[in-house]
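Chemist: Sequence and predicted structure, then a few things I'm wondering about:
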2 protein chains.
Amino acid sequence: MKQLLKDHITKTVSLTDEEFDYFFSHFKPQSFKKGQTIISVGDKVDCEYFVISGCVKAFYINDDIKMYILQFAMPTWWTSDYAALYNQTKATINIDCISDVELLCLSNADREKLCAEFHQIEHFFRWRTNKGYVASQKRLLSFMNNNVKTRYEELLALYPQLYNLVPKHLIAAYLGVSRETLSRLYNS
Amino acid sequence: MKQLLKDHITKTVSLTDEEFDYFFSHFKPQSFKKGQTIISVGDKVDCEYFVISGCVKAFYINDDIKMYILQFAMPTWWTSDYAALYNQTKATINIDCISDVELLCLSNADREKLCAEFHQIEHFFRWRTNKGYVASQKRLLSFMNNNVKTRYEELLALYPQLYNLVPKHLIAAYLGVSRETLSRLYNS
């Protein structure tokens, strides 16, 4: 798992082996079983997670018990309730495991400490969030403008492995449509 | 305009007067008249903009000539086509002026240079994007889940001045509804 994180970081910044080892020492490995919950609405959120193996979903369930999926996170993706993490408020979304999952957990305090100690690490996290921001804006525009078929094709382009990994009702919840609408699409 | 940027930056980081003057020297003041275009689909995007006065909109027009508004930017907000700016691709959205506008323009190259030269400036831009990311995720979730009335109330909470500044058909385009649907809401 150390190498996966190292490969991920060094796409953006250069760290010496000693610097990376120090960076890595702040991450705590965690394992979860399929179906287990990582974050629930109302939780205090102290950590963000780098996915080593498996797949998690970040989601919201409204008053009508309808589920909306904000994100699927697979290996080398980061996930948390960032609104709660950054603002130190209670979680407003849930994160749970679609499969057995291994994660590396980094606390809010440690990320800020590492960013203050190493300019290169601050640079890495700035660019990670820049990319997340752009992806989020793109999804919003797509949600406003595109039909379900286009959004479905965009989703499969973004997560090519998803079709085999994730039950179809969760893909429907990501697209904001019913399971039946999705069935008509991929049977057409 | 210098003071507005200084007040904005120093909410997040401390810079000496000399450091801030150097930072500020990389911004180019620009003025636009109401209705003028700042970025058009297909443009090369080299700059991001800090709004000093007035209001701009970032928007997309689909094949059916329907407009979707991604963002209104008012004083102390930043705007650009960040996908195009960060990935050095052509613009996929438009930005134009709802009123006469004064901006400070910062080039992509200068932002990266300043971030490399000053750790504190990299910290500022990381937190600026963190906040943008959280706001974008929140809007996405709201778009998926909330009815138009709730989204309208959220919009007025986010931009209290908007109701008086922006024509109602643009507010409707931000909410992704027709002008008539919006009229029914705020007349009810």
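Modeler: Sure thing, it's come through.
Chemist: contacts, neighbours, all on C-alpha from now
Modeler: Noted.
Chemist: Return the residues of chain A in contact with chain B.
Modeler: Within chain A, the positions adjacent to chain B are A:62, A:68, A:70, A:82-83, A:86, A:119, A:122-123, A:125-127, A:129-130, A:132-134, A:136-137, A:139-141, A:144-145, A:176 by CA under 8 Å from any CA of the partner chain.
Chemist: So the nearest residue to residue A:166 once chain neighbours are set aside versus residue A:170, what's the distance?
Modeler: Once its chain neighbours are removed from consideration, residue A:166 has its nearest residue in residue A:98; the separation is 7.2 Å (CA to CA, 6 or more residues apart in numbering or on different chains). According to CA to CA, to the nearest Å, residue A:98 and residue A:170 sit 9 Å apart.
Chemist: what about stretch A:166-182, distance to the chain center?
Modeler: Between the mean C-alpha location of stretch A:166-182 and the chain-wide mean there is a distance of 18 Å, by CA atoms, centre = their mean, to the nearest Å.
Chemist: pull the CA atoms of it into PDB?
Modeler: The C-alpha atoms that make up stretch A:166-182 are tabulated as PDB, following Å, rounded to 0.1, in the frame of the first residue of the first chain:
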ATOM      1  CA  VAL A 166     -21.000  -2.000  -8.700                       C
ATOM      2  CA  PRO A 167     -24.700  -3.100  -8.500                       C
ATOM      3  CA  LYS A 168     -26.800  -1.400 -11.100                       C
ATOM      4  CA  HIS A 169     -29.100   0.200  -8.500                       C
ATOM      5  CA  LEU A 170     -26.100   2.100  -7.200                       C
ATOM      6  CA  ILE A 171     -25.200   3.300 -10.700                       C
ATOM      7  CA  ALA A 172     -28.800   4.500 -11.100                       C
ATOM      8  CA  ALA A 173     -28.500   6.400  -7.700                       C
ATOM      9  CA  TYR A 174     -25.300   8.100  -9.000                       C
ATOM     10  CA  LEU A 175     -27.100   9.200 -12.200                       C
ATOM     11  CA  GLY A 176     -30.200  10.300 -10.200                       C
ATOM     12  CA  VAL A 177     -32.600   8.000 -12.100                       C
ATOM     13  CA  SER A 178     -34.600   4.900 -11.300                       C
ATOM     14  CA  ARG A 179     -33.200   1.300 -11.700                       C
ATOM     15  CA  GLU A 180     -35.800   0.800 -14.500                       C
ATOM     16  CA  THR A 181     -34.700   3.900 -16.500                       C
ATOM     17  CA  LEU A 182     -31.100   2.600 -16.300                       C
END
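Chemist: what mean pLDDT would you report for that stretch?
Modeler: For stretch A:166-182, the mean per-residue pLDDT is 87.
Chemist: Equivalent analysis for stretch A:107-126, please.
Modeler: Stretch A:107-126 comes out with an average pLDDT of 98.
Chemist: mind listing the helices in chain A by residue range?
Modeler: In chain A, the segments counted as helices under DSSP state H are A:2-9, A:17-24, A:82-87, A:108-117, A:119-145, A:148-158, A:162-165, A:168-175, A:179-186.
Chemist: Give me the mean pLDDT for the second one.
Modeler: When you say that, I think you mean helix A:17-24. When pLDDT is averaged along helix A:17-24, the result is 97.
Chemist: Name the residues that touch that helix?
Modeler: For helix A:17-24, contacts defined as CA atoms under 8 Å, 6 or more residues apart in numbering or on different chains pick out A:2, A:6, A:114.
Chemist: Name whatever forms a beta bridge with the spatially most central residue of chain A.
Modeler: For chain A, the residue whose C-alpha lies nearest the mean C-alpha position (CA atoms, centre = their mean) is residue A:79; its distance is 3.3 Å. Beta bridges link residue A:79 to residue A:49, judged by DSSP bridges.
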